[in-house]
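Chemist: Okay, predicted coordinates and the sequence, questions at the end:
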Amino acid sequence: VDINFFDPSLNYNTNKLRKKINLINKLVIGTVCNINPVKGLDTYIEVAKAFSTNKDIIFLIIGEKYKSQENYFKYLLSLIKKYNLKNINFIGLTKDVRPYLKLIDVYVCTSKNESSPLSIWEAMSMQKPIVSTDVGDVKKFIINNVNGFILRVGDKQSLVKSIKKLTENQKLRIKFGKNSRKIAKKELNIKKCIKLHVNAYEEILRNF
């Protein structure tokens, strides 16, 4: 991840965005992904349901809806209608995700499967506490009770519990977020990744 591009200290004019999507005085839970069953968004909606009586918390889904996933999208909308949820918004595709990441108080990933989830690394670089299912390389860079929580895939109860813990404790959110940024700078910096790739290719060439 480009830690200089995904930098929380830059000015993103989030006040205008808060007004646009009615987030004034709201705690924002967010995820960035395309609309796809692999992303576990039905679980995400079930989690939002658990917070539906709290008018101060809102859930965002930021990402593209492809035509091939129209049926899944309709299914998600049917869940929202079934539970009469007013606390969840589909933002759709955005050219620049950073202002939304800046707005988010807790970043959540409910994926059923991932390899190296770039959206989580970007959220970490933007100094966000992370609540994620145990997928892909997540365990390498998210440490329980240091910069977030890792949970079993589909474990709605633990997802709710972890998010609740963070929404109720601003100091913990800030602490986890700062730790996320430190880990991103140290372990996920694109310059380090480039260096590792160069070293690997040089090693191959030496042994060729």
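Modeler: Yep, it's here. Numbering: from 1, shown residues only.
Chemist: Output stretch 92-108 as PDB, restricted to C-alpha atoms.
Modeler: The C-alpha trace of stretch 92-108 is given here as PDB (Å, rounded to 0.1, in the frame of the first residue of the first chain):
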ATOM      1  CA  GLY A  92     -21.400   2.400  -4.700                       C
ATOM      2  CA  LEU A  93     -18.100   2.900  -6.700                       C
ATOM      3  CA  THR A  94     -16.100   5.900  -5.800                       C
ATOM      4  CA  LYS A  95     -13.100   7.400  -7.700                       C
ATOM      5  CA  ASP A  96     -11.300   8.100  -4.400                       C
ATOM      6  CA  VAL A  97     -12.000   5.900  -1.400                       C
ATOM      7  CA  ARG A  98      -9.800   7.800   1.000                       C
ATOM      8  CA  PRO A  99     -12.400  10.400   2.100                       C
ATOM      9  CA  TYR A 100     -14.700   7.500   3.100                       C
ATOM     10  CA  LEU A 101     -11.900   5.700   4.900                       C
ATOM     11  CA  LYS A 102     -11.200   8.900   6.800                       C
ATOM     12  CA  LEU A 103     -14.900   9.100   7.900                       C
ATOM     13  CA  ILE A 104     -15.000   5.500   9.100                       C
ATOM     14  CA  ASP A 105     -14.500   4.900  12.800                       C
ATOM     15  CA  VAL A 106     -14.300   1.100  12.600                       C
ATOM     16  CA  TYR A 107     -13.300  -0.800   9.400                       C
ATOM     17  CA  VAL A 108     -15.000  -4.200   9.100                       C
END
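Chemist: which other residues reach it?
Modeler: 5-6, 8, 10, 12-14, 17-18, 23, 27-32, 44, 47, 60, 62-65, 91, 120, 122-123, 126, 128-132, 159, 163, 166-167, 173 (C-beta atoms under 8 Å, 6 or more residues apart in numbering). No exception for glycine: its C-beta is placed from N, CA and C like everyone else's.
Chemist: residue ranges for the helices of this structure, please.
Modeler: Counting by DSSP state H, the chain has helices at residues 14-20, 41-50, 70-82, 98-103, 118-125, 138-141, 156-167, 170-187, 190-206.
Chemist: Tell me the buried residues in the longest one?
Modeler: Right, helix 170-187. By 16 or more other C-beta atoms under 10 Å, the buried positions in helix 170-187 come out as 173, 176-177, 179-181, 183-184.
Chemist: would TSV of the residues you listed with distance to T53 be doable?
Modeler: Below are the buried residues of helix 170-187 laid out as TSV (distance: C-beta to C-beta, whole Å):
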residue	distance to T53
R173	21
F176	25
G177	26
N179	31
S180	29
R181	33
I183	34
A184	34
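Chemist: circling back to that earlier point, in TSV: the helices of the chain, plus distance to K112 and mean pLDDT.
Modeler: Output for the helices of the chain, formatted as TSV (distance: least, C-beta to C-beta, whole Å; pLDDT from 0 to 100):
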stretch	distance to K112	mean pLDDT
helix 14-20	30	91
helix 41-50	8	98
helix 70-82	13	97
helix 98-103	22	97
helix 118-125	15	97
helix 138-141	13	96
helix 156-167	13	97
helix 170-187	23	97
helix 190-206	26	65
